[in-house]
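Student: any chance you could fold what I've pasted below:
(chains A, B, C and D)
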Number of protein chains: 4
Amino acid sequence: MTRFSTSQGFMGPFSHDGKASIAPYPPWHYAADFVTVECWVDPAAVEALLPPGLSLHPDERGLVTVSFVDWQACTDTGGELLDPVRAQYRECIVLASVQYEGKLMQYCPYIVVDQDTSLARGWALGYPKKIGSVWITRSMGVASVASPALEPGAIFAGTVAVKDRRIAEGHVKLTARADATAVTFGSRPIVALRHFPSMFEGHADQPAVFELVRLQAENAQAGPVWEGVANLNILDSPTELLSGLRPIRLGRGWRYSLAMTNRFNHLLRDLRELNQQDSIKGK
Amino acid sequence: MTRFSTSQGFMGPFSHDGKASIAPYPPWHYAADFVTVECWVDPAAVEALLPPGLSLHPDERGLVTVSFVDWQACTDTGGELLDPVRAQYRECIVLASVQYEGKLMQYCPYIVVDQDTSLARGWALGYPKKIGSVWITRSMGVASVASPALEPGAIFAGTVAVKDRRIAEGHVKLTARADATAVTFGSRPIVALRHFPSMFEGHADQPAVFELVRLQAENAQAGPVWEGVANLNILDSPTELLSGLRPIRLGRGWRYSLAMTNRFNHLLRDLRELNQQDSIKGK
Amino acid sequence: MTRFSTSQGFMGPFSHDGKASIAPYPPWHYAADFVTVECWVDPAAVEALLPPGLSLHPDERGLVTVSFVDWQACTDTGGELLDPVRAQYRECIVLASVQYEGKLMQYCPYIVVDQDTSLARGWALGYPKKIGSVWITRSMGVASVASPALEPGAIFAGTVAVKDRRIAEGHVKLTARADATAVTFGSRPIVALRHFPSMFEGHADQPAVFELVRLQAENAQAGPVWEGVANLNILDSPTELLSGLRPIRLGRGWRYSLAMTNRFNHLLRDLRELNQQDSIKGK
Amino acid sequence: MTRFSTSQGFMGPFSHDGKASIAPYPPWHYAADFVTVECWVDPAAVEALLPPGLSLHPDERGLVTVSFVDWQACTDTGGELLDPVRAQYRECIVLASVQYEGKLMQYCPYIVVDQDTSLARGWALGYPKKIGSVWITRSMGVASVASPALEPGAIFAGTVAVKDRRIAEGHVKLTARADATAVTFGSRPIVALRHFPSMFEGHADQPAVFELVRLQAENAQAGPVWEGVANLNILDSPTELLSGLRPIRLGRGWRYSLAMTNRFNHLLRDLRELNQQDSIKGK
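Tutor: You can find the predicted model right below:
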């Protein structure tokens, strides 16, 4: 918690009780429903997005998961759940298989959420979040044509739009319970890029924060995982990088619920020095 | 389905395949999660809102339920579930106990939803819907401080805002499974007021449509109903009638899921003639 | 104003002071900035959208204007301007050249707005409005690269999205002041289709309201009209009829401001009887 | 511009052409319409919000301006104006009179915008922006009760809501052209607090970025400034610090347009070291 005068906050705005902050102080506890599509895209397109220290993993070159996620999150008190506009958000997250020092991890080059609280937490953690609109089919817990159950044949869809343009839509038609190879969130280490720009003249190429970090999601626990036949449609976009990650081949799809906690990051590499060296070489 | 030339639609816009309509043609199948607060308000305040033909029921004078509802809806094909922005909406619905010809029913004087498709269906059925913002605590199906389970002590909240103002917030703290007296949606007949104005000069007081109708929700089936301690806070508003329905006494709260289908209305009384008589009497 | 018990409203919700209504009682005064693209589309595509009584005008077969409009509206008191969320909305309106009894008019088969108050007024008047997202370049009244002035070379753009999909985007690059042939809003009579469905079993094809009406915009006054080179891009959509109205040829573009008042409609033809006859013929 | 591999961006997401970034690379050119209320609040409430290095200015203790602003912004190419969802946003900005090394400046403890691009630019510059909903009365350039002209008696209002709660509403009733003492945006130096948290265990009180900076708005040029009678209503909020800044006394109001450019910041003081010293002292 940053403190000065009689104000405090995890981030600004800073106020006497810290409640005005765009995001509360961690830990952040999460519960979520995931609809995930596994696919292979052009490995070179993934490689082009990787920060220093990361490279394609030989076993999973071009492997990407695109997940549409319904989140509910809160702090230790759970108080946000009484005012759910402060707890809930929807997300589309792209995770690419990479290696760091030979170890298989997932890196997030692109992610869209629909709430500023989540956006701010994401930046702090190293997720390059933007605001968009995400929708995900729900299972409502009653038998109805309007509510797919968690059973073979049920279809769960997700869509994502940014600045009034649909940029992706996917769905998973459940077939059976997944085996242990399902790539659920947190089943592999997540590596992220914390970045905050400098605003000083002449320092444009030298970010104030530029850290390769490993996220330390705690207690990540997925409920029963359903596997299914996956579909993913990436639409054209004049700006969004997702349009460069079109599936060459579709893999499996999954639908599951997950609980976890985020608290701290672990530093893998401070990239600022590296960046300055690059600058010196005359980019 | 209204048809002309080679166009059709349940409502406009009319197009060759009817898909451009603001709402699809019924039947409409729904699945929902309800958080409901039962309360008593000033009976006179309810009475002032009742159309001709309805009056307070002597057993439940001033009894009102305020429900915060997460809906997912579709037509027979279920196709909307593949593009869930067309299927999902959230709602705050106020239902007041009334009698029609001596029979206990519920009448809806006020309702807020967050999607135009639902708004249009509501106007067709007789619900005076407006667009607003509604949020409801969810149970995500995993154990987490961020996800209340359906068990004693769990709290489910709902909030509603119209035109950037919070107008109500409530919550239910679960205690036990409810008994058969729980006032779930559809457990009592719902009576509604279909209305559409005239726009002709001199006809301002003579609506084009002014029907007291009974809704024929089909196959309304509530899942397990949880009862709990209810709380409801109605906030000031310069425009919204909800601010005139503040609880004098709180009743029970409920949390449950529900499936149902809407298809037709049953006409109770055409109020147009009545209205003209009122006009004649010199209102 | 519909009145019953001690409640009233132009439309529902009905309350003691009428303020809870989704839209206030007319007259409605409007001020607007228009960005309009004139174009020709397949005449058959327009014809397919026309209700009984309207046909293509031989002089303007397939002529359509697509306008992106920034509106501010209020009632006589102007009170909405103190709470501008109740006064402002953005719109994309399609108007097709038609004839009624030999007279050149414009008919609106498709229109998108971003506020429920405008949606409700539109339905009452005969515009088949849906909720969407519309954006329009503004001239802010200061010299800046961020603010096009009303001068040759300035570009004004408009975009429209429905349910998270961009469906059209256009712009006008100003060249000079327009002459008197500019097709500004209200320069031709506007004919509309007031429609409200029946919800009674067996009456599905017999709308409760089905009126061909002429709008009586009062005091429509356009400020200086700029003409320019127009561009319009219609995007694919699985539902929206606009995707069937792609320009074969682009015409002129205009940018202007307008003031007007809406109060009443004039009935041209009650289409209910006609519709029943059609039904009898065995559609 | 941060660059790595073949990706780049002012901030993330990083892509080959930099267009996926949540905000484009500066310079950022802006045009705006301001509605500003000047008022005095409890000086201690302002003082409590000030970062190290700033204090109340003896001439303007507790003086605050609250502005509701309609912005249109773009980069050098102006390309965003063709897709105005990427150019436009609305803002409520609070600026408090402070001194830095004896010089009168304005500091921003609280600011709300409605677009993520603006949010990100703000965080980079040192504005503690959150997402909310802001509405501002417009002058549409035609004579109408629906469009106040820039003339005595005209009223311009602004409102701001965060997370579905209205938190402030104000308006200015124009009286005459303002004199040179009007506190327009940029007429005083703006001092800001750039902050980005650390996410490493044990470093919670040591932000990664914590800089007191002076903004270097270039070419700030206000058009004609109208002065008027101001009104401001601050509403209760469980979280937002604005509720602690209620006016003790209202000052003047202004309405004007402004153009400016943001490019760089000037560092006044790196507060990280200071913060660590505070930490050592055992806060």
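
Student: low-confidence regions, the stretch 51-200 of chain A specifically.
Tutor: Counting by pLDDT under 70, the stretch 51-200 of chain A shows no low-confidence range.

Student: around chain C, which positions in it sit nearby?
Tutor: The stretch 51-200 of chain A comes close to chain C at residues A:133, A:135, A:159, A:161, A:164-166, as judged by CB under 8 Å from any CB of the partner chain. Placement of C-beta: from N, CA and C, glycine included.

Student: mind giving me TSV with the residues you listed and columns for distance to D:Gly141, secondary structure and neighbour count?
Tutor: Formatted as TSV, these follow (distance: CB to CB, whole Å; DSSP: H, G, I helix; E, B strand; the rest coil; neighbours: other CB atoms under 10 Å in any protein chain shown):
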residue	distance to D:Gly141	secondary structure	neighbour count
A:Ser133	32	strand	22
A:Trp135	38	strand	24
A:Thr159	38	strand	28
A:Ala161	32	strand	27
A:Asp164	26	coil	23
A:Arg165	30	strand	25
A:Arg166	34	strand	24
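
Student: which ones among the residues you listed also lie next to chain B?
Tutor: A:133, A:135, A:159.

Student: from those, which is closest to chain D?
Tutor: Distance to chain D, by CB to the nearest CB, is smallest for A:Ser133 among those, at 11.8 Å.

Student: so the closest one sits against A:Asp114, correct?
Tutor: Yes: the criterion here is CB atoms under 8 Å, and A:Ser133 meets it with A:Asp114 at 6.0 Å.

Student: in the stretch 151-283 of chain A, what residue spans correspond to helices?
Tutor: A:272-280 (DSSP state H, counting those that start in this stretch).

Student: interface residues of the stretch 151-283 of chain A facing chain B?
Tutor: Residues of the stretch 151-283 of chain A lying near chain B (CB under 8 Å from any CB): A:155, A:157-159, A:169, A:171, A:221-223, A:257-259.

Student: now the buried members of the residues you listed.
Tutor: Neighbour-count burial (16 or more other CB atoms under 10 Å in any protein chain shown) is assigned, among these, to A:155, A:157-159, A:169, A:171, A:222-223, A:257-259.

Student: go back to those residues and keep what's next to chain D.
Tutor: Within these, nothing lies near chain D by CB under 8 Å from any CB.

Student: and A:Ala124, what are its phi and psi?
Tutor: For A:Ala124, the backbone dihedrals are phi -60, psi -40 (criterion: degrees, to the nearest 10).

Student: contacting residues for it?
Tutor: Contact partners of A:Ala124, counting by CB atoms under 8 Å, 6 or more residues apart in numbering or on different chains, are A:10-11, A:23, A:194, D:196-197, D:199.

Student: what do you get for A:Ile234?
Tutor: A:167-168, A:242-243, A:245-247.

Student: for those residues, give me JSON lines that also has neighbour count.
Tutor: Listed next are the contacts of A:Ile234 as JSON lines, based on neighbours: other CB atoms under 10 Å in any protein chain shown:
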{"residue": "A:Ile167", "neighbour count": "24"}
{"residue": "A:Ala168", "neighbour count": "27"}
{"residue": "A:Leu242", "neighbour count": "23"}
{"residue": "A:Ser243", "neighbour count": "17"}
{"residue": "A:Leu245", "neighbour count": "23"}
{"residue": "A:Arg246", "neighbour count": "16"}
{"residue": "A:Pro247", "neighbour count": "21"}
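
Student: nearest to chain C among these?
Tutor: A:Ile167 (9.3 Å).

Student: that closest one contacts A:Leu241, correct?
Tutor: No: at 9.7 Å, A:Ile167 does not count as touching A:Leu241 under the criterion of CB under 8 Å.

Student: mind listing the residues bridging to A:Tyr110?
Tutor: Taking DSSP bridges as the rule, A:Tyr110 bridges to A:Val94.

Student: pretty sure it contacts D:Ile22?
Tutor: No: look at A:Tyr110 against D:Ile22 with CB under 8 Å: they stay out of range, at 11.0 Å.

Student: those two: who's more crowded?
Tutor: A:Tyr110 (30 against 23; other CB atoms under 10 Å in any protein chain shown).

Student: which ones are touching the closest residue in space to A:Ser7 that isn't next to it in sequence?
Tutor: Closest residue to A:Ser7 apart from its sequence neighbours, by CB to CB, 6 or more residues apart in numbering or on different chains: A:Phe14 at 4.0 Å. Applying CB under 8 Å, 6+ apart, we find A:Phe14 in contact with A:2, A:4, A:7-8, A:20-21, D:49, D:51, D:109, D:128, D:193.

Student: and which of these is nearest D:Asp70?
Tutor: D:Pro128 (20.7 Å; CB to CB).

Student: list the contacts of that closest one.
Tutor: D:Pro128 sits in contact with A:11-14, A:22, D:108-111, D:122, D:193, D:195, where contact means CB under 8 Å, 6+ apart.

Student: could you dump the contacts of A:Phe14 into CSV with secondary structure added?
Tutor: Below are those laid out as CSV (DSSP: H, G, I helix; E, B strand; the rest coil):
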residue, secondary structure
A:Thr2, strand
A:Phe4, strand
A:Ser7, strand
A:Gln8, strand
A:Ala20, coil
A:Ser21, coil
D:Leu49, coil
D:Pro51, coil
D:Pro109, strand
D:Pro128, coil
D:Leu193, strand
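
Student: can you select the buried ones from these in PyMOL?
Tutor: Here is the PyMOL selection string for the buried members of the contacts of A:Phe14, based on 16+ other CB under 10 Å:
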select buried, (chain A and resi 2+4+7+8+20+21) or (chain D and resi 49+51+109+128+193)
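
Student: which one of the contacts of A:Phe14 is nearest chain B?
Tutor: Closest to chain B, out of all of these and judged by CB to the nearest CB, is A:Ala20, at 17.0 Å.

Student: what about the helices in the stretch 1-150 of chain A?
Tutor: Going by DSSP H, counting those that start in this stretch, the stretch 1-150 of chain A shows helices at A:43-47, A:116-125.

Student: widest-spaced pair of the buried ones among the residues of the stretch 151-283 of chain A next to chain B?
Tutor: A:Glu169 and A:Ala259 (26.8 Å).

Student: identify the spatial nearest neighbour of the residue of the stretch 1-150 of chain A found nearest chain C, chain neighbours not counted.
Tutor: Using CB to the nearest CB, A:Ser133 is the residue of the stretch 1-150 of chain A that sits closest to chain C, at 5.1 Å. Distances taken as CB to CB, 6+ apart put A:Ala161 closest to A:Ser133, at 4.5 Å, once the chain neighbours are dropped.

Student: repeat that for A:Leu215.
Tutor: For A:Leu215, the spatially nearest residue (CB to CB, 6+ apart) is A:Ile190, at 4.5 Å.

Student: how about A:His57?
Tutor: In space, A:His57 is closest to A:Gln99, 4.0 Å off (CB to CB, 6+ apart).
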